[in-house]
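# Sequence plus predicted model, see below.
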Amino acid sequence: MRNKRFILYLAIGIILFETAVLNSITFVKADETIPEEYYYDFNLNGTYVYDILNADSSYIGWWGLDWAFKENVETIAGNQIVVNFTGFYEKHSGDYSSFPNPAPYISIQFVGNTTLLNVTNAEAASTLLIGYFSFLSGFFVPLNSTNIGWLKDTANNTNYDDTELTITETSSYILFDFIQISGAQRTELIYNITSGLLLWARTRMGFNTFEIALEGFTPPQDSSILPINPYLVIIIASLIIGSPFLIVPKVNNKTKKLIFIAMIGTCSFTLLFQFNSNLYGAAPLLEENVSDITINVNYNNGTIRTVEDISLSNYETSAFYALKSCSTLEYEDYGWGILVKKVDGIGGGFSSWTYTVNGIRVKIGASKCALHDGDIVNWTYS
């Protein structure tokens, strides 16, 4: 009889415990509407894997924005963190970040250890020190083609007298390097300048360092130097190679003029490509697999061909590969981009092939235009 009572009380206790745990987790209906401050085509359904590159502490205590301790999460170098965005919701009452409302929420898994469901991006930034003071940027910052100045101002306005902040911008990345002069903290963050997605973060606080990088992204060896700009390398190389010939007496004037014209031409075209890159921004990261893609091909001769339910894989998931999967193409690969010349034998002359995604003209090359599940791509010859 006592054993039966004990089993009954144990079962009731387990049920009450599970109920308490479930009630402690915030479940909110996902809102897939992306606020205008963020990149309009960001894939909320993507899975973003980060490698833990450096961690002096095996565990970090996870605290909520209400300063309530949740649990210890395992942060061992070599492990991974998996981030899924669950949508945009009202900011938590304890969210003191400088970023707008609504705020991005995430589910974050420390592989092999634990998963936290539907926590705010600011909470993750506060716990993992992916940010500083009220600039709790975390895994995703509000960034689009018009508000990068606002983002820089926000980063600068959260500084104090005993801190230094350096912001470095390229056509692909933006780096925030925050330093407390006292040496208490240094946080370095690199975000994709188009999508606002975190690519790399490293924070040193005291004797502890925590560093993560998006899988596939190679962080700079020197944190003050972003990945080398290839356009700058071309310009410098042309100047170094050509300059000696201009001052050598044995080289005749006609040859010097040709060398000088070649140098000017190389620098001019290189600067033109750099200008285009800065104007249109960096390409978003391609997904490994996408499905349910629809392609409409308008040959401008009265024929429009539609192919539905296209699936792409192996990171060949751009607008170009979607067209290639269902058409016979003639194209030129220039290294920096692909030019589609003919589709199914149609092309050439003074007309060209252009494309839109979900009715929007995308100002990057088709080979770099990331597609997401359910996208509709229209190719038109005009």
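That came through, no problem.
# Distance of residue 58 relative to residue 112?
12 Å (Cβ to Cβ, to the nearest Å). C-beta: built from backbone N, CA, C; applies to glycine.
# what's the span of stretch 365-373 from first residue to last?
19 Å (Cα to Cα, to the nearest Å).
# same question, stretch 149-166
Terminal-residue distance, stretch 149-166 (Cα to Cα): 14 Å.
# OK, contacts around residue 46?
Residues counted as contacts of residue 46 (Cβ atoms under 8 Å, 6 or more residues apart in numbering) are 84, 85, 287, 372.
# middle-most residue in the chain, spatially?
Taking Cα atoms, centre = their mean, the centroid of the chain lies closest to residue 197, which sits 3.2 Å from it.
# Report whether the expected contact of that one with residue 44 is present.
No: Residue 197 is beyond contact range of residue 44, at 11.4 Å (criterion: Cβ atoms under 8 Å).
# any chance you could map the strands in the stretch 51-200 of the chain?
59-63, 69-74, 80-89, 103-110, 114-120, 163-169, 173-180, 185-192, 198-205 (DSSP state E, counting those that start in this stretch).
# isn't residue 289 right next to residue 311, touching?
Yes: Residue 289 is in contact with residue 311 according to Cβ under 8 Å; the separation is 7.3 Å.
# okay, how far is it across stretch 75-82, tip to tip?
So stretch 75-82: terminal residues 12 Å apart, Cα to Cα.
# Contacts made by it with the rest, please.
Contacts for stretch 75-82 (Cβ under 8 Å, 6+ apart): 47-55, 57-60, 108-113, 210, 212, 215.
# Show me which of those are buried.
48, 50-55, 60, 108-110, 210, 212 (16 or more other Cβ atoms under 10 Å).
# before we move on, back to that, reformat the strands of the stretch 51-200 of the chain as a markdown table; add distance to residue 381 and mean pLDDT.
A markdown table is the format used below for the strands of the stretch 51-200 of the chain (distance: least, Cβ to Cβ, whole Å; pLDDT from 0 to 100):
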| stretch | distance to residue 381 | mean pLDDT |
| --- | --- | --- |
| strand 59-63 | 54 | 90 |
| strand 69-74 | 53 | 91 |
| strand 80-89 | 37 | 93 |
| strand 103-110 | 39 | 94 |
| strand 114-120 | 46 | 92 |
| strand 163-169 | 37 | 87 |
| strand 173-180 | 35 | 89 |
| strand 185-192 | 32 | 92 |
| strand 198-205 | 37 | 92 |
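# would you turn those into a markdown table with distance to residue 140?
Listed next are the strands of the stretch 51-200 of the chain as a markdown table, based on distance: least, Cβ to Cβ, whole Å:
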| stretch | distance to residue 140 |
| --- | --- |
| strand 59-63 | 18 |
| strand 69-74 | 19 |
| strand 80-89 | 7 |
| strand 103-110 | 5 |
| strand 114-120 | 11 |
| strand 163-169 | 18 |
| strand 173-180 | 13 |
| strand 185-192 | 8 |
| strand 198-205 | 7 |
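# what about the spatially closest residue to residue 80 that is not a sequence neighbour, distance to residue 82?
Spatial nearest neighbour of residue 80, excluding adjacent residues (Cβ to Cβ, 6 or more residues apart in numbering): residue 111 at 4.6 Å. Separation of residue 111 from residue 82 (Cβ to Cβ): 6 Å.
# what's the answer for residue 149, then?
Counting by Cβ to Cβ, the gap from residue 149 to residue 82 is 33 Å.
# Then residue 133?
Residue 133 sits 27 Å away from residue 82, going by Cβ to Cβ.
# go on, residue 200?
Distance from residue 200 to residue 82, by Cβ to Cβ: 17 Å.
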